[in-house]
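K.L.:
Structure for this input, please:
(chains A and B)
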Amino acid sequence: MTTGRPSVGQALEQVAAWKAAQLDENRTKIAEVDTELSKLQATLANLQEQLASLQQAREQLGTLDLSDGLITRSYEAIFDALRHQAGEVVQRASATAAAERARRDQVFAEIQTGELAPLAAEYTQFKEQVAPTLAALPESYRGAIQQHHQGITEKLRSFLATRFAGPADVDAAPIEVEVVFGVDAPEGTPEVLICVLPITDVTFTHWNERDTDLSTLIGARVAQSIYETTKRTGPAGAQAIRGGHQGLLAMEVDLDGASADFATVLQDTMKAVLGGAPELAAAKVSITPRQVDFDYLLPPEAEDEEA
Amino acid sequence: MLDELLPMTLSQGAARVGVEPLEIVRLMVGSDLVSPDLTVSPAQLDKLAEAGGIESGWWEGVAIPADTVAGRGVVRAALGILAARAASGPVRMDNLWRGRPLDDQDLIEQAVETLDEAGTLQIVNAPAGVQVMVEADGIQQLQAIAAGTESGGLDEIFQD
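P.N.:
Predicted structure coming up:
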C-alpha cells in the first residue's frame, strides 16, 4: 500500500484523534461554564442574604415599639415641668403672704388709732383682765358683762370682715401652672385617679407646721374639684389619699363606682373651681388642668414591675 | 389678740378639730359649706365636725395597760376603746387616735389596718369619712387583744 492513500486503519486513527480533541475541547468548555455557574450561584446567594436582611429590617421599622421610652420620657418631662412650676408657686406664695401681712398690719394699725380704738382697747382689756375673773362674779353681773363684750366683739368682727373681704392683691407678673391628672380605666370604667400638683409635698405632709398659704389653697382647690366631681359621678365617700412624689404633692383616689364620664366632669369642674378662685386671681396665678395618659404618672420602675 | 376675730384659715380650722386641711375641704363639699375664700368660722367648723362625726376625748380616763412590748399597751387600749365604741355601729376611724402623740397614732393606724387585712374589722370609705365596722365576732377578738390574751397577728407592727 504505497499509493499514498491512507489505509482504513490510518483513517480511523485520524477519526479517533479528532474525537479525542473534541472531547478535550468539550471538557474545557464544561469546566469554564461550571466555574461561571458557581460564581453566579455565590452571587445569587449573597443577594438573597441581603434581601432577607433588608426584609427583616423593613419589618422591624414597620413595627417600632416606642412605648417604654415614651412612658419614661413623658414621666420625666411631666415631673420636671411641675417641679419648675412648684418653684414659681413657692416664690409667689411668699409674695402673697407679704401682701397679706402688709394689709393686716395696716388694718390693725387703723383699728388702734381710729374710731374703733376704744373698742379694741376694751376688747383686749376684757380678754386679759376681766375674763379670768368672771367666774368669781355673781351670775347677773357676769351675764351683763358678757353681753356687753359680745356687742364689742360683733362690731370689731364686722369691721374686720369688711376690710378683709377678698384676698390681698399681689403686684407681680401673672404665672401659669398646671395640674396634671390621669385616670386608669383599663376596662372603660374609671378605677383610679392620680393627680399631681405644682406644689411641694411638704405643703400637706407638714401642714401642721406651716401657715395656710397659696400652696395650701391650690391643694385645697384641687381637692375641692375632685370632691365636687365625685359628688356628681360617684363614688360616694371618695377619699383623696395625699402623698409626696419627687417632691411634689400627689393625690390618689379609688374611683370604684364612678361613672364613665368622671374624667370629663373633673376637667370641667377643675376649670370652673380653679378659674373662679379669688385667691388665685389675686395672686395672679392661672392653673390649667391637663389630662395625660395614666401610665405617664407612674414611676418607670413601677411600670417594669407591672410588665 | 384681735387676730382671733378673723375667720380661721384651713390649717387653723383643721388643727382645731384634729383633722387634715383636705379633710376639712372634703367635709365642706359634702355639706355644701364651701366658703368663697376657704376660711371657716367656729360655727361652720362645728357643723363640719358634726357632719364628719369628728370626736375627741375618746382617751379621757383610759388607762394604758402595762406591757412588756413597747407600744403594745397603747394599741391594746385603743382596741379596747374600739370594741366599746364600735359595738353599736361604724365609727370614724381617726377618732380612735385623735389627741395621741404621733408615734401612737401611727401604731394604732397600723394595727387597725392589719386587723382589716385579717378580716377582724372592716375599713370603709363613707361620706362622713373613713369608718371602722366591727362584727360581733370581731368585737370579741378586739376585747381579747385588749385584754392581752390574744396577739391578733399584730406582733409585726411592734418590731420596728
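K.L.:
for chain B, what spans make up the helices?
P.N.:
B:10-17, B:21-30, B:42-52, B:72-85, B:102-118, B:136-147 (DSSP state H).
K.L.:
helices or strands next to the second one in the packing?
P.N.:
Taking 3 or more Cβ pairs under 8 Å, 6 or more residues apart in numbering or on different chains; DSSP states H and E as the contact definition, the neighbouring helices and strands of helix B:21-30 are helix A:214-233, strand A:240-245, helix B:10-17, helix B:42-52, strand B:129-133. C-beta here means a position set from N, CA and C on the backbone, and glycine is covered the same way.
K.L.:
Nearest to B:I64, out of these?
P.N.:
strand B:129-133 (20.1 Å; Cβ to Cβ).
K.L.:
Show me which positions of that closest one end up buried.
P.N.:
Judged by neighbour count (16 or more other Cβ atoms under 10 Å in any protein chain shown), strand B:129-133 contains these buried residues: B:129-132.
K.L.:
mind saving the C-alpha coords of that strand as PDB?
P.N.:
Included here for strand B:129-133 are C-alpha records, laid out as PDB according to Å, rounded to 0.1, in the frame of the first residue of the first chain:
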ATOM      1  CA  GLY B 129     -65.200  59.900 106.500                       C
ATOM      2  CA  VAL B 130     -63.200  56.700 106.800                       C
ATOM      3  CA  GLN B 131     -65.200  54.400 109.100                       C
ATOM      4  CA  VAL B 132     -64.400  51.200 111.000                       C
ATOM      5  CA  MET B 133     -67.000  48.500 111.200                       C
END
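K.L.:
Neighbouring strands - and their directions - for that strand?
P.N.:
Neighbouring strands of strand B:129-133 in its sheet, by DSSP bridges, are strand B:91-92 (antiparallel), strand B:122-126 (antiparallel).
K.L.:
angle of that strand against helix B:136-147?
P.N.:
Using axes from the mean of the first three to the mean of the last three Cα atoms, to 10 degrees, one finds that strand B:129-133 and helix B:136-147 are set 90 degrees apart in direction.
K.L.:
got the angle for strand B:129-133 vs helix B:21-30?
P.N.:
Using the same axes, to 10 degrees: strand B:129-133 against helix B:21-30 is 90 degrees.
K.L.:
Mind putting the helices and strands packed on helix B:21-30 into a markdown table with distance to A:L116 and mean pLDDT?
P.N.:
Output for the helices and strands packed on helix B:21-30, formatted as a markdown table (distance: least, Cβ to Cβ, whole Å; pLDDT from 0 to 100):
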| stretch | distance to A:L116 | mean pLDDT |
| --- | --- | --- |
| helix A:214-233 | 29 | 98 |
| strand A:240-245 | 41 | 96 |
| helix B:10-17 | 24 | 96 |
| helix B:42-52 | 22 | 96 |
| strand B:129-133 | 41 | 96 |
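K.L.:
can you count the residues close to B:A147?
P.N.:
13 (other Cβ atoms under 10 Å in any protein chain shown).
K.L.:
go on, A:P138?
P.N.:
8.
K.L.:
Let's see the pLDDT reported for it.
P.N.:
Looking at A:P138, its pLDDT stands at 88.
K.L.:
quick revisit: for the helices of chain B, which one ends up most surrounded?
P.N.:
helix B:21-30 (a mean of 25; mean count of other Cβ atoms under 10 Å in any protein chain shown).
K.L.:
Which positions in the stretch 201-307 of chain A make contact with chain B?
P.N.:
For the stretch 201-307 of chain A, the contact set with chain B under Cβ under 8 Å from any Cβ of the partner chain comprises A:204, A:207-208, A:210-212, A:216-217, A:219-221, A:223-224, A:227-228, A:231, A:235-240, A:242, A:254, A:278-279.
K.L.:
which sections of the chain are below the confidence cut-off?
P.N.:
Going with chain A. By pLDDT under 70, the low-scoring segments of chain A are A:1-3, A:302-307.
K.L.:
Hmm, no, I was thinking of chain B.
P.N.:
Applying pLDDT under 70 to chain B flags residues B:160.
K.L.:
Dead centre of it: give me the residue that sits there.
P.N.:
B:D94 (1.6 Å; Cα atoms, centre = their mean).
K.L.:
and the closest residue in space to that one that isn't next to it in sequence, what does it touch?
P.N.:
Excluding the flanking residues, the one nearest B:D94 by Cβ to Cβ, 6 or more residues apart in numbering or on different chains is B:V19, at 6.7 Å. By Cβ atoms under 8 Å, 6 or more residues apart in numbering or on different chains, the residues touching B:V19 are B:52, B:54, B:94.
K.L.:
Which one of those is nearest to A:E59?
P.N.:
B:D94 (58.7 Å).
K.L.:
from memory that closest one sits against B:V130, does it?
P.N.:
Yes - assessed by Cβ atoms under 8 Å, B:D94 is found in contact with B:V130 at 7.1 Å.
K.L.:
Per the annotation, how does the chain divide into domains?
P.N.:
Looking at chain A here, since you left the chain open. Following automatic domain parsing, chain A resolves into domains at A:9-54, A:71-97+A:172-294, A:103-163.
K.L.:
that's the wrong chain, I meant chain B
P.N.:
Split by automatic domain parsing, chain B gives B:2-52, B:72-158.
K.L.:
Near chain A, which residues of chain B are found?
P.N.:
Checking chain B against chain A by Cβ under 8 Å from any Cβ, the hits are B:1-2, B:5-6, B:9-12, B:14-15, B:20-22, B:25-26, B:28-30, B:34, B:36-38, B:124-130.
K.L.:
burial measure for B:G57, as a count.
P.N.:
B:G57, neighbours per other Cβ under 10 Å, totals 10.
K.L.:
what's in contact with stretch B:85-95?
P.N.:
B:18-19, B:52-56, B:58, B:82, B:96, B:109, B:112, B:121, B:123-124, B:126, B:128-134, B:139, B:142.
K.L.:
how about the strands of chain A, start to end?
P.N.:
A:175-184, A:192-200, A:240-245, A:248-254, A:285-291 (DSSP state E).
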